[in-house]
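**Student:** For reference, the sequence and a predicted model appear below.
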Amino acid sequence: MKRIMLMLTAAALSLAACSDMTPTQQRAVSGTGIGAAGGAVIGAIAGNAGLGAGIGAVAGLAGGLIYDQAQKNRAASYRSGYSAGANGYAPNPPH
């Protein structure tokens, strides 16, 4: 029972530490964690969980940052179109 409470407390503290992060930082951390977990599972099946977790973490970080850039581009296109429409111009999204 003590072990479960300790794990829950550690999980709660780690989640609370992420509350003041920027969206880019949150996506990078999420991608890294998901990638590391997936890599560890695949690595355990292949025989080296540590190497799999490391490779998965790097791939997850890259994926999280790529996703963040796509979201930023999407938001910029929306703002550009909204601004153009509000001013009576034809939309010209950024390239």
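**Tutor:** Looks like it came in fine.

**Student:** Where does the prediction get shaky in this structure?
**Tutor:** 15-18, 91-95 (pLDDT under 70).

**Student:** Geometric centre of it: which residue is closest?
**Tutor:** Centre of the chain computed as the mean C-alpha position; nearest residue by C-alpha atoms, centre = their mean is residue 27, 2.2 Å away.

**Student:** after the helix or strand harbouring it comes which helix or strand?
**Tutor:** Using DSSP states H and E, residue 27 falls within helix 23-46. Proceeding N to C from helix 23-46, the next assigned helix or strand is helix 49-87, under DSSP H and E.

**Student:** Next, the angle from that following helix to helix 23-46.
**Tutor:** Orientation check (axes from the mean of the first three to the mean of the last three C-alpha atoms, to 10 degrees): helix 49-87 against helix 23-46 gives 150 degrees.

**Student:** can you pull the buried residues of helix 49-87?
**Tutor:** Neighbour-count burial for helix 49-87 flags 49, 52-57, 59-61, 63-64, 68 (criterion: 16 or more other C-beta atoms under 10 Å). The C-beta positions use only the backbone N, C-alpha and C, and glycine is treated the same way.

**Student:** ok, how many other residues are close to the spatially closest residue to residue 21 that is not a sequence neighbour?
**Tutor:** Distances taken as C-beta to C-beta, 6 or more residues apart in numbering place residue 29 nearest to residue 21, at 7.1 Å, with adjacent residues excluded. As a burial measure, residue 29 scores 17 neighbours (other C-beta atoms under 10 Å).

**Student:** So residue 29 is in contact with residue 22, correct?
**Tutor:** No: using C-beta atoms under 8 Å, residue 29 is not in contact with residue 22, being 10.6 Å away.

**Student:** joint contacts of these two?
**Tutor:** Shared contacts of residue 29 and residue 22 (C-beta atoms under 8 Å, 6 or more residues apart in numbering): none.

**Student:** what comes up buried for the helix holding residue 27?
**Tutor:** For helix 23-46, the neighbour count (16+ other C-beta under 10 Å) marks 27-36, 38-40, 43 as buried.

**Student:** Before I go, just wanted to say thanks for your time.
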